[in-house]
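>>> Here is my input, please return the structure:
(one chain, ligands or ions: 1)
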Amino acid sequence: MAFSIASVRRTCVRPLIFLGLIGLLCLPLAGQPGRAADQTPPPPHQPSNEALQADPAAALKALVDGNARFVAGKTVHPRQDIERIKETAKGQKPFAIIVGCSDSRVPNEIIFDQGLGDLFIVRTAGQVSTYASWGSMEFAEEVLGAHLIVVLGHTKCGAVKAAVELPKVPGHIVTLINEIKPAAQRAKSMPGDPVENAVRENVRMQVEKLKGLEPVLAERVRDGKLKIVGAVYDLETGKVNLIE
Ligand SMILES: [Zn+2]
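Coordinates of the predicted model:
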């Protein structure tokens, strides 16, 4: 059958999305010879962003290493100077997409010891994501070339706590809470702290949702080009713990 849903999607929808994204990319780069090459050095032993984009496992290691520096009080605050500002004004090649909570205590570049142009960050309370967030991730993956997504929850998350403990919340906060409720429900039957269990369960469910998110992310995961992992930041220690 020549006109199956899958073939129509492949022949019509995907190219349109891709062309649109390329158009968006070209606007800020008009007149540039191409995407800017890294001039300012990455942290010691960290490969270039081009190399990290090509190897999601190495990208994850760069984040783990950066967080280890942060926890040990040995941050190097890379690429946060005027040279990097000028360099990234020409273009960006972030090596990781962080889908994290808006909480003021979890600033991504600081806890991973990275600089300008390194991380593409999507933040909402409870790292709940819907259409606008998904589009942001797809843009970073398809156009900017980041092939690692880290869903980053954190201990003592207020949004998760509300989903676990409050029967009703005011205003648009309900949008967040409704998305976290299934994780809170699952965590109820687990031994231990219900909020911390729900934090981890929320991250697990969000990772699974993104892995299956058609038409872009799911296809990249199937192709083995995109890695999506979950992690929880510990407010007490500053450590990011990966969730298996
Ligand atoms: Zn939070």
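
>>> Please tell me I have it right and Ile243 contacts Ala231.
Yes: here Ile243 lies in contact with Ala231, judged by CB atoms under 8 Å, at a distance of 6.1 Å. From N, CA and C alone the C-beta is placed, and that goes for glycine too.

>>> Which one of the two is surrounded by more residues?
In this comparison of Ile243 against Ala231, neighbours counted by other CB atoms under 10 Å, the higher total goes to Ala231 at 23 against 15.

>>> Note down every partner strand of the helix or strand where the more buried one lies and its orientation.
According to DSSP states H and E, Ala231 maps onto strand 227-233. On the basis of DSSP bridges, the sheet neighbours of strand 227-233 come out as strand 148-154 (parallel), strand 240-243 (antiparallel).

>>> Between Ile243 and Ala231, which contacts overlap?
Where contact means CB atoms under 8 Å, 6 or more residues apart in numbering, the residues bridging Ile243 and Ala231 through contact with each are Val203.

>>> Between the strands paired with strand 227-233, which one is closest to the ion.
strand 148-154 (5.5 Å; CB to the ion).

>>> counting contacts, what elements does the following helix or strand past that closest one pack onto?
Taking DSSP H and E as the definition, the helix or strand that follows strand 148-154 towards the C-terminus is helix 158-165. Applying 3 or more CB pairs under 8 Å, 6 or more residues apart in numbering; DSSP states H and E, one finds that helix 158-165 contacts helix 173-187, helix 194-211.

>>> buried sites along helix 158-165?
Taking 16 or more other CB atoms under 10 Å as the basis for neighbour counts, the residues of helix 158-165 that come out buried are Ala159, Val160, Lys161, Ala162, Ala163, Val164.

>>> Quick check: mean pLDDT of that helix?
Mean pLDDT, taken over the full extent of helix 158-165, equals 97.

>>> quick one: it to chain centroid distance?
Here helix 158-165 is found 22 Å from its chain centre; the criterion is CA atoms, centre = their mean, to the nearest Å.

>>> how many degrees apart are that helix and strand 148-154 in direction?
60 degrees (axes from the mean of the first three to the mean of the last three CA atoms, to 10 degrees).

>>> Mind checking if the strand holding Ala231 is in reach of the ion?
No: contact check for strand 227-233 against the ion, using CB under 5 Å from the ion: none in range, with a minimum separation of 9.2 Å.

>>> Assumed Lys74 was part of a helix.
No: using DSSP: H, G, I helix; E, B strand; the rest coil, the assignment for Lys74 is coil, not a helix.
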